[in-house]
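[1] for reference, the sequence and a predicted model appear below.
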Amino acid sequence: MLLQLKDIYKSYPGNPVPVFNGLNLQVNQGELVAITGISGSGKSTLLNLIGTLDHDYEGQIKFKNTNINSLSHREKEQYRNEEIGFVFQNHHLLPQCTIWENILIPAMIHPDYQDSKKVENRAQQLLEIIGLSSRVSDYPNQLSIGECQRIAILRSLINHPALILADEPTGALDKANSQLIADLLIQLNQKKQIT
């Protein structure tokens, strides 16, 4: 089992209605899971808990049999950098950096970055998958929103994560680009066994 949430309780100060009241979830390596619900039902909160962006909860979240809440601050940073790939509704690319630099940023703080040629080859292969290898010198403001979102997905993959947390990655896109992003995530799951 890759991920296990057990008896998760979560509420926000001043709100009498809990977000989670004993939530349990198990996800195996290679699974493709969609979390659906109305606005405000806790989808983003759940992803933030799994990704250690929010740690104010009761219960236990285990990733590869390790209780992530017991990790030190430094270990949580390492977990986010090495095990998790984040894709948000808004791509959050750095506007002052080229597409190439945006993709490589997570790798630059990864322990394996000493072999920069290996990481750069991986980035180039990923760019070819999405058809943007000729745009590496461009800046985010020179790309469409759909292209920026594809770059954000590549950035999430650069460190070989076991799990991608995609929080409404198509929410800001038109129907055609939404389908491209959905197809890309499904393809990555099927071919690379990324959960």
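    The structure has been received and is ready for your questions.
[2] then the longest helix seen in the chain to CSV, C-alphas only?
    For the chain, the longest helix by residue count, based on DSSP state H, is helix 175-192. What follows is helix 175-192, C-alpha atoms only, in CSV (Å, rounded to 0.1, in the frame of the first residue of the first chain):
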residue,chain,number,x,y,z
LYS,A,175,-12.6,21.8,-22.8
ALA,A,176,-9.9,20.9,-25.3
ASN,A,177,-7.0,21.7,-23.0
SER,A,178,-8.8,20.0,-20.1
GLN,A,179,-9.0,16.8,-22.2
LEU,A,180,-5.3,17.1,-23.0
ILE,A,181,-4.3,17.4,-19.4
ALA,A,182,-6.6,14.5,-18.3
ASP,A,183,-5.2,12.3,-21.1
LEU,A,184,-1.6,13.2,-20.1
LEU,A,185,-2.3,12.3,-16.4
ILE,A,186,-3.9,9.0,-17.4
GLN,A,187,-1.0,8.2,-19.8
LEU,A,188,1.5,8.8,-17.0
ASN,A,189,-0.4,6.6,-14.7
GLN,A,190,-0.7,3.8,-17.3
LYS,A,191,2.8,3.9,-18.7
LYS,A,192,4.8,5.0,-15.7
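[3] any buried residues in it, and which?
    Within helix 175-192, the residues scored as buried using 16 or more other C-beta atoms under 10 Å are 177, 178, 180, 181, 184, 185, 188, 189. Every residue, glycine included, has its C-beta placed from N, CA and C.
[4] hmm, who's touching stretch 140-147?
    Contacting residues not belonging to stretch 140-147 are listed as 91, 93-95, 99, 102, 132, 135, 148, 151, 172-174, 176-177, 180-181 [C-beta atoms under 8 Å, 6 or more residues apart in numbering].
[5] same for the longest helix of the chain, what does it pack against?
    Helix 175-192 is packed against helix 145-157, strand 163-166, with contacts defined by 3 or more C-beta pairs under 8 Å, 6 or more residues apart in numbering; DSSP states H and E.
[6] with just CA atoms, put the first one into PDB.
    Written as PDB, here are the backbone C-alpha positions of helix 145-157 (Å, rounded to 0.1, in the frame of the first residue of the first chain):
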ATOM      1  CA  ILE A 145      -2.600  28.600 -20.000                       C
ATOM      2  CA  GLY A 146      -2.900  25.000 -21.300                       C
ATOM      3  CA  GLU A 147       0.800  24.900 -22.200                       C
ATOM      4  CA  CYS A 148       1.700  26.300 -18.800                       C
ATOM      5  CA  GLN A 149      -0.400  23.600 -17.100                       C
ATOM      6  CA  ARG A 150       1.400  20.900 -19.100                       C
ATOM      7  CA  ILE A 151       4.800  22.500 -18.000                       C
ATOM      8  CA  ALA A 152       3.500  22.400 -14.400                       C
ATOM      9  CA  ILE A 153       2.800  18.700 -14.800                       C
ATOM     10  CA  LEU A 154       6.300  18.100 -16.100                       C
ATOM     11  CA  ARG A 155       7.800  20.000 -13.200                       C
ATOM     12  CA  SER A 156       5.900  17.700 -10.900                       C
ATOM     13  CA  LEU A 157       7.500  14.700 -12.500                       C
END
